[in-house]
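Participant: Fold the following and give me the result.
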Amino acid sequence: MYRDVVTVAKSYYRLSKTSPGLRVRYLCGSVDFIKSIADYLGVDLSVLCTPMCSHNDLIFGVLLSAVSIALYLDLRRRGFDVSALRYEDLVARPLDMCRVVLEFCHLPVSLAELAVKAFDVDSQANSKIAKSAIGHFKEPQLTPQIKTKLNEILRKCGDVPLIGEPCIIEGTLSCY
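Facilitator: Next up is the predicted model:
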């Protein structure tokens, strides 16, 4: 499952505010952490050495999202039979998308209505990462300059959708 990279980045930023360990990683080591994953995938992220990137509150989440998408696309290119599910489609049309997923998994489509009921429950309720706990943190702004710099990085990650373009990747299950 994947979702829009900016939405992911803003969510990780808010999440980092609730976990001291993640916050330290976010502030001090996120670039090195992501760069090591990118190096493993063969993605050149030398642009991360610029001062703007080290002070960009969105970069950690954008890179995590981009590397996940790049890894998924690499698996497809190497012949693995994997498909993706876009979170935004699941939220917009939960019953239809649950049917698509169940059918894809060769499971009874009749379970779709039961699956949709799970959306009514906050799966993180009563935890430090519940929507009620992280929803009040102010999100970092996506300025035109930051968008340009992040899109430079996303271009280096291969076929990862750029910010401002539809976030739909190859092999995505759909009910449309």
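Participant: Can you check the pLDDT for residue 49?
Facilitator: According to the prediction, residue 49 has pLDDT 51.
Participant: Just give me the residue right at the centre of this structure.
Facilitator: Residue closest to the average C-alpha location in the chain (C-alpha atoms, centre = their mean): residue 65, at 3.8 Å.
Participant: Wait, a helix at that residue?
Facilitator: Yes - counting by DSSP: H, G, I helix; E, B strand; the rest coil, residue 65 is part of a helix.
Participant: where does residue 56 land in three-state SS?
Facilitator: coil.
Participant: what about it, how many residues close to it?
Facilitator: Close neighbours of residue 56, defined as other C-beta atoms under 10 Å, add up to 23. Yep, even glycine has a C-beta here, placed from its N, CA and C like the rest.
Participant: Verify the stated contact: it with residue 146.
Facilitator: Yes - counting by C-beta atoms under 8 Å, residue 146 is a contact partner of residue 56 at 5.8 Å.
Participant: Mutual contacts of those two, please.
Facilitator: With C-beta atoms under 8 Å, 6 or more residues apart in numbering applied, the contact sets of residue 56 and residue 146 do not overlap.
Participant: average model confidence for stretch 115-135?
Facilitator: Across stretch 115-135, the average pLDDT comes to 78.
Participant: Span of that stretch from start to end?
Facilitator: 25 Å (C-alpha to C-alpha, to the nearest Å).
Participant: next one: it to chain centre, how far?
Facilitator: From the chain centre to the centre of stretch 115-135 is a distance of 18 Å (C-alpha atoms, centre = their mean, to the nearest Å).
Participant: Enumerate the positions of that stretch that are buried.
Facilitator: Across stretch 115-135, burial judged by 16 or more other C-beta atoms under 10 Å covers 115-116, 133-134.
Participant: out of these, which are inside helices?
Facilitator: 115-116, 133-134 (DSSP state H).
Participant: Quick check: closest non-adjacent residue to residue 72.
Facilitator: residue 84 (6.1 Å; C-beta to C-beta, 6 or more residues apart in numbering).
Participant: go on, residue 116?
Facilitator: Nearest non-adjacent residue to residue 116 (C-beta to C-beta, 6+ apart): residue 94, at 4.7 Å.
Participant: and the ones in helices among the buried residues of stretch 115-135 as a markdown table, adding distance to residue 76?
Facilitator: A markdown table is the format used below for these (distance: C-beta to C-beta, whole Å):
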| residue | distance to residue 76 |
| --- | --- |
| 115 | 25 |
| 116 | 28 |
| 133 | 36 |
| 134 | 32 |
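Participant: Brilliant, that's me finished.
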